[in-house]
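S.K.: Got a predicted structure plus its sequence, pasted below:
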Amino acid sequence: MTENQLTYGNKAKNLEFVARNTDIEIPYFKQIYLEDLEHIEKILVNFSKKIMIRSNSSEEDEERFSSAGKYLSLGPIDKQNIVAIKKSFTMVLDSYGEKVNQSVIFQNYVDNAKSVSVITSYKVGTDSAYRSFSTYFGSETEAVTSGKYGEIENFFMHRSVDYLPNKYEKNNVYLKVMTQLEDLFKNKQLDIEMVLDKNNSPQLLQVRPLMGKKLNKDSIFDEKKVIDKNLEKYNKLSETTSDRFGSNKIYSNMSDMNPAEMIGKKPDNIAFGLYKFMFTDTTWNIQRGEFGYREYSGGKLMEMFNNVAYINVNHSLNSFLTRNLQKESCEKIINYQLSKLKENPHLHDSIEFDISRSSYIFDTVEEFSKEYKNIIDKNEIIQWHSDLVQIDSQNKTTLEKNKEIILRTFSKLDKSFEYLKKENITLIRDTMALPFTHHSRLGFVYFAQLNSLLEKGVITEDQKKLLLLSVNSISTKMKADAYEVKIGKKTLNDFFDVYGHIRAGNYNLSSSNLKNNLSFTESLINNSGQPLEDNILPKDIFTNIEKYFIVNNIPLKASAWIDMFQDGISTRENSKFYYTKGIDGILNEISEKNTSDRELFDLLDIEFNEENTSDMRLKNVLMPDLITSNEDFYFYEEMSKNGNYIGQGTINGDVLLIDNEANRPENLDNKIVVIPAADPGWDWIFNYKIKSLITKYGGPNSHMAIRCAEHNIPAILGVGENNFTVIANSKSLEIDFSNESFSNV
């Protein structure tokens, strides 16, 4: 063996190999054995003021096996503190267990480092062929590996490309070191830790082999060919229709009809096909027109790119323009909103709150005009505001009309109903899905108005909570009925007749409903508690709102608005409950009749092709939550997503992950429950006395947000993939809702 060949064994050997064969800078280090402690003061002379003591077990970085992260690393420690150094040495050595002839590494601490990064040759824990860059901007050199720090920037690039576009050029310094080390070790599977010092120069802390997936060049470039086809489709869709404004370049998986929340980020064909038929091909457009917004020709709201379901943000924004706006104004408004989102991509899951102007929120014309005074003419702003006020005046009529329609069809969903008949699927769409979208829209409007009253100081945070607690939806009734079964006032069959269709993952064929999961339902009932008494709202809430309406010439009574608020929020939840019985029936018949994906698509008149179905060749492809350009198909930076916090104060508790249908614990009481999505099919969770709820996906106005507020459960909805992974792997958490932060306990 020559000196240029590497035998993996420990960190020191790997670093020595790099030092001999490259110009990569490495902070001064030395391998230290137990016997070296006798003359440690002499050894420390060559070190800087502070040192790190890192694990260096011979079992840590073997060629066929790795114990990465298993052993301790400690520091920084002042080199003058010999007692602390010896104690830390012993602690690191003891972490190896009963192993002899072991050593540790003493290494100079990089003081005032600008950033610390962990770079891997593929995304660890997956079969995704992406170089992965995780960077913490600070001097704590264990920040990324420890998992204790939330503000970590994650960047991914597909292995088929070896360059970085201009907007990601800051990662070039990492890519250069990575490719140099991969070439040196003749290994495309490395785990690298490095820092950038105050001069922006990279310094290598360690390099080790990654165990697991073996990257295959042919499969990577086969994958690229399919990605290129999806990119071609994206570019073809960039032009909008003649009656819409702006361009179709931005797609989000968490806006408008929110597919990430409702059917999952990478839905299967059945979920995608049903959601497409029920909502995003025609219903969404019809609903906006009926509600009073501008009317458009048909257009698909949802597309699939690389197996991920996305919403056409431009179509969504256009659908909230009002009818009396001039075309020239519409073009300016949409272009401004698209630019605002591109500059603030983290707002993609709250577009209707922070980007568009889709509802009347009790603001005056002067307040309304602030953002758009330099975008469109003042008279157009006045007209726009007037249009939204007019739409708002129709809320009660819209609510009652659609409640009657959906209940009429709900009454027909008995045992004789044939769900897979074309006319019956169409009936569910036109008389259940469409009314549900109307009620969802009303739920958003009243939630937005509630938040507006809070922001204007009309009500307090505690009063907002009381208003939400005053809402009595189907979720509240379900808890009460479960308790009635528990004490013998209702039978289990009575309970199933009403709630048996509820399933976690409303469009998930593999998810069982309550009726088909007897043991779980019995557990849910046995753990139910006595319902709380109805809350009587304090008079000062009515007084404060009434005073605000009078001062601002808003032709509403506080009592009437509160009634509509309660009815609007509860009807949205009830409507979802009614509609999903139709979806449950469809899924049950698909299962009973063993209906294939293609047969279902034929029944729904959806073409069974690459555009509308998932491609197994792309099962490991990563995609961002927001697409803004061609580059996002091969490179993306994971958005910093802290989540939407609901609640106040601080809580501590044990974490309980429920990540799939098979993982349904017997008792959720007093746990911080963690689930993938804010899918309303998880309603059964609220029959337990959970301490808090955390989801990977979900917006501030999602169904789960309403549920949590209604049941006074603090929650973080939509924490994003990186934070979700950290939380899911935690045993316990402390959550500070006032400061919107969490930490491992």
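M.R.: Thanks, I have it.
S.K.: Need the residue closest to the centroid of this protein.
M.R.: The residue lying closest to the centre of the chain (Cα atoms, centre = their mean) is residue 697, at 3.0 Å.
S.K.: Am I right that it is in contact with residue 677?
M.R.: Yes. When contacts are counted by Cβ atoms under 8 Å, residue 697 is listed as touching residue 677 (4.7 Å). C-betas here are computed from N, CA, C, even on glycine.
S.K.: Find residues that contact each of these two.
M.R.: Shared contacts of residue 697 and residue 677, defined by Cβ atoms under 8 Å, 6 or more residues apart in numbering, comprise 260, 261.
S.K.: Heading C-terminal from the one helix or strand residue 228 maps to, find the next helix or strand.
M.R.: Applying DSSP states H and E as the criterion places residue 228 in helix 217-236. Downstream of helix 217-236, the first helix or strand assigned by DSSP H and E is strand 251-252.
S.K.: distance between whichever helix or strand comes after that following strand and the chain's centre?
M.R.: Counting by DSSP H and E, the next helix or strand C-terminal to strand 251-252 is helix 259-262. Per Cα atoms, centre = their mean, to the nearest Å, the displacement of helix 259-262 from the mean C-alpha position of its chain is 9 Å.
S.K.: So for whatever helix or strand comes next after helix 259-262, mean pLDDT?
M.R.: Using DSSP H and E, the helix or strand that follows helix 259-262 in sequence is helix 269-275. Averaging pLDDT along helix 269-275 gives 96.
S.K.: List the contacts of helix 269-275.
M.R.: For helix 269-275, contacts defined as Cβ under 8 Å, 6+ apart pick out 257, 259, 262-264, 267, 302, 304, 309, 507-509, 583, 586-587, 590, 597, 600-601, 604, 606, 612-614.
S.K.: If we use 10 Å, what do you get?
M.R.: Helix 269-275 is contacted from outside by 257, 259, 262-264, 266-267, 280-281, 302, 304, 307, 309, 425, 428-429, 433, 505-510, 583, 586-587, 590, 595-598, 600-601, 603-604, 606, 608, 612-614, using Cβ atoms under 10 Å, 6 or more residues apart in numbering.
S.K.: Let's see which of those residues end up in helices.
M.R.: Secondary structure from DSSP state H places 259, 262, 425, 428, 583, 586-587, 590, 597-598, 600-601, 603 of the contacts of helix 269-275 in helices.
S.K.: Of the contacts of helix 269-275, which qualify as buried by neighbour count?
M.R.: The neighbour-count test (16 or more other Cβ atoms under 10 Å) applied to those identifies 257, 259, 262-264, 266-267, 280-281, 302, 304, 307, 309, 425, 428-429, 433, 505-509, 583, 586-587, 590, 595, 597, 600-601, 603-604, 606, 608, 612-614 as buried.
S.K.: Skipping its backbone neighbours, what lies nearest residue 419 in space?
M.R.: With sequence-adjacent residues excluded and distances taken as Cβ to Cβ, 6 or more residues apart in numbering, residue 419 is closest to residue 585, at 4.0 Å.
S.K.: just checking, the one you found touches residue 427?
M.R.: No. Using Cβ atoms under 10 Å, residue 585 is not in contact with residue 427; the gap is 11.6 Å.
S.K.: shared neighbours, these two?
M.R.: With contacts defined as Cβ under 10 Å, 6+ apart, the residues shared by residue 585 and residue 427 are 413, 417, 419.
S.K.: From these, pick the one nearest residue 159.
M.R.: residue 419 (44.5 Å; Cβ to Cβ).
S.K.: And that closest one, how close does it get to residue 605?
M.R.: Distance from residue 419 to residue 605, counting by Cβ to Cβ, to the nearest Å: 17 Å.
S.K.: out of the two, which sits in the busier spot?
M.R.: Of the pair residue 419 and residue 605, residue 419 is the one with more neighbours under other Cβ atoms under 10 Å, namely 20 against 10.
S.K.: How much space separates the more buried one from residue 586?
M.R.: From residue 419 across to residue 586, the span is 5 Å (Cβ to Cβ).
S.K.: so what sits against both of those two?
M.R.: By Cβ under 10 Å, 6+ apart, the residues touching both residue 419 and residue 586 are 425, 428.
S.K.: end to end, how far does stretch 638-650 reach?
M.R.: 27 Å (Cα to Cα, to the nearest Å).
S.K.: what about the nearest residue in space to residue 572 that is not next to it in sequence, how many neighbours?
M.R.: Using Cβ to Cβ, 6+ apart and skipping the chain neighbours, the partner closest in space to residue 572 is residue 443 (3.1 Å). Neighbourhood size, residue 443 [other Cβ under 10 Å]: 24.
S.K.: Local confidence estimate at residue 443?
M.R.: In this prediction residue 443 is given a pLDDT of 93.
S.K.: Output the contacting helices and strands for the helix or strand containing residue 520.
M.R.: In the assignment (DSSP H and E), residue 520 maps to helix 518-526. Secondary-structure packing of helix 518-526 (3 or more Cβ pairs under 10 Å, 6 or more residues apart in numbering; DSSP states H and E): helix 474-486, helix 492-499.
S.K.: The same query, at a cut-off of 6 Å, please.
M.R.: helix 474-486 (3 or more Cβ pairs under 6 Å, 6 or more residues apart in numbering; DSSP states H and E).
S.K.: model confidence over the helix it packs on, on average?
M.R.: Per-residue scores along helix 474-486 average to 91.
S.K.: And for stretch 449-463?
M.R.: 95.
S.K.: list the buried ones in that stretch?
M.R.: In stretch 449-463, the ones that count as buried by 16+ other Cβ under 10 Å are 449, 450, 452, 453, 458, 459, 463.
S.K.: TSV for those residues, including distance to residue 564 and secondary structure?
M.R.: Shown next, in TSV, are these (distance: Cβ to Cβ, whole Å; DSSP: H, G, I helix; E, B strand; the rest coil):
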residue	distance to residue 564	secondary structure
449	9	helix
450	11	helix
452	15	helix
453	13	helix
458	16	coil
459	16	coil
463	17	helix
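S.K.: Next one: the closest residue to residue 591 other than its chain neighbours from residue 428, what distance?
M.R.: Leaving aside its sequence neighbours, residue 591 sits nearest to residue 509 (Cβ to Cβ, 6+ apart; 6.4 Å). The gap separating residue 509 from residue 428 is 17 Å, by Cβ to Cβ.
S.K.: Give me the buried stretch members for stretch 468-484, please.
M.R.: In stretch 468-484, counting by 16+ other Cβ under 10 Å, buried: 468-479, 481-484.
S.K.: same check, this time on stretch 528-545
M.R.: Residues of stretch 528-545 classed as buried by neighbour count (16+ other Cβ under 10 Å): 528, 537, 541, 544, 545.
S.K.: what do you get for stretch 204-221?
M.R.: Those would be 204, 205, 206, 207, 208, 209, 210, 211, 213, 220, for stretch 204-221 by 16+ other Cβ under 10 Å.
S.K.: Which of those residues fall in helices?
M.R.: Per DSSP H, the buried residues of stretch 204-221 map to helices at residue 220.
S.K.: which of the buried residues of stretch 204-221 sit farthest apart?
M.R.: Maximum distance among the buried residues of stretch 204-221 (Cβ to Cβ): 28.2 Å, for 205 and 220.
S.K.: Now do the residue lying closest to residue 491 once chain neighbours are set aside: how many residues are near it, please.
M.R.: Computed as Cβ to Cβ, 6+ apart, the closest residue to residue 491 that is not its neighbour in sequence is residue 485, at 6.9 Å. Residues within reach of residue 485, counting by other Cβ under 10 Å, total 21.
S.K.: looking at it, residue 485 is touching residue 494, isn't it?
M.R.: No. Checked against Cβ atoms under 6 Å, the pair residue 485 and residue 494 is beyond contact range at 7.4 Å.
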